[in-house]
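Undergrad: What shape does this take:
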Amino acid sequence: MKIIYPDKINAVVADEENAAFLVANVLDDYPKKVWKATSADARLTLSVASGAAAVAVFNTNATAVSVTVSDGISLTLQSGLTLQSGLTLMSGESLSVNQYDVDPGGTGALWAEYAQVDNVHRIDLDFTGASGTIIQAGVVRAGTKNEFPDPRYGIGEGLRDFSIVKELNNGALYIRKRDLVRKFQFDLNVTRDSDFYTFMRTILQQRGPAPLAWWIVDDTGDWNWVVYVRPDGFPFGRHRASLYTNIGVSLLEVV
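TA: Next up, the predicted model:
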């Protein structure tokens, strides 16, 4: 299991932007408040602080995303100097480039990892969508990758309906359709002196009820487990041995 926290994005820019759906929207906590481009191909460029090793995207309609991580170092010519013909300045040496397929009809989520960079660096996200679509993304997070054991077998997954349902005087139902989101329940068995306190104090106590980017079961490679979720009631741990703690976790998807 993996969680991105803290988020280390300093700034984000887009090569295309609908004036009604600004690129700054990807930095808030609301996946439905999207950034929209103006075509089926668009790029987001993130400036990311030292210590990041993962990036996640939620609520995108892209079918593929290329992720390029660069060291962020740029060179400029001293005033009065010119380059010899055929030479160019390096701007941000590429550290890794990976292409990912995304299922926009499914969760519309992406998770990418790279070797931790211990200086300010750049991430380019190149989105590609089906012909005729306008690229969008709801939330982007890049930051520290916190790793924990995967949940114990027996993970619970279901749905919570926020629709308003009322019975009228004649017995008919009034239904106002609202969001139907996923919910997850599981147990973690972790080391007490490291994982437990990192999970409970360093991450959840600091972040509180706000959502985070999680990869609940990462050893399967299944992106249905890549979710933007908040605690549905805070986890509770039982110190069952001197070295290990069992934590009960309940999460609710944020859309």
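Undergrad: going forward, measure contacts and count neighbours with C-alpha atoms only.
TA: Noted.
Undergrad: Which residue ranges make up the domains of this structure?
TA: Domain ranges of the chain: 2-73+93-145, 156-253, per automatic domain parsing.
Undergrad: mind giving me CSV with those and columns for mean pLDDT and mean neighbour count?
TA: Conversion of these to CSV gives the following (pLDDT from 0 to 100; neighbours: other CA atoms under 10 Å):
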stretch, mean pLDDT, mean neighbour count
domain 2-73+93-145, 94, 19
domain 156-253, 94, 15
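Undergrad: If I look at residue 83, what pLDDT would I see?
TA: Model confidence at residue 83, expressed as pLDDT, equals 52.
Undergrad: Same check on residue 78?
TA: Looking at residue 78, its pLDDT reads 56.
Undergrad: The most far-flung residue of the chain relative to its centre is in what secondary structure piece?
TA: Here the chain reaches farthest from its C-alpha mean at residue 170, the gap being 46.3 Å by CA atoms, centre = their mean. Using DSSP states H and E, residue 170 sits within no helix or strand.
Undergrad: Now it. Its backbone dihedrals?
TA: With angles defined as degrees, to the nearest 10, residue 170 shows backbone torsions of phi -90, psi 10.
Undergrad: Give me the contacts around stretch 125-132.
TA: Outside of stretch 125-132, the residues within contact range by CA atoms under 8 Å, 6 or more residues apart in numbering are 39-45, 61-68, 135.
Undergrad: for the spatially closest residue to residue 159 that is not a sequence neighbour, what are its contacts?
TA: In space, residue 159 comes closest to residue 182 once its chain neighbours are excluded; the distance is 4.5 Å by CA to CA, 6 or more residues apart in numbering. In this structure, residue 182 makes contact with 157, 158, 159, 160, 252, 253, judged by CA under 8 Å, 6+ apart.
Undergrad: and the last one, bridged to which residues?
TA: Residues found in beta-bridge contact with residue 253 (criterion: DSSP bridges) are residue 229.
Undergrad: and if you look at the fourth one?
TA: On DSSP bridges, the residues paired with residue 160 through beta bridges are residue 181.
Undergrad: still on that earlier bit, let's see which of the contacts of stretch 125-132 end up in strands.
TA: 41, 42, 43, 44, 45, 64, 65, 66, 67, 68 (DSSP state E).
Undergrad: With distance to residue 164 as extra columns, can I get these in JSON lines?
TA: Putting the ones in strands among the contacts of stretch 125-132 into JSON lines (distance: CA to CA, whole Å) gives the following:
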{"residue": "41", "distance to residue 164": "38"}
{"residue": "42", "distance to residue 164": "38"}
{"residue": "43", "distance to residue 164": "39"}
{"residue": "44", "distance to residue 164": "37"}
{"residue": "45", "distance to residue 164": "40"}
{"residue": "64", "distance to residue 164": "36"}
{"residue": "65", "distance to residue 164": "37"}
{"residue": "66", "distance to residue 164": "40"}
{"residue": "67", "distance to residue 164": "40"}
{"residue": "68", "distance to residue 164": "44"}
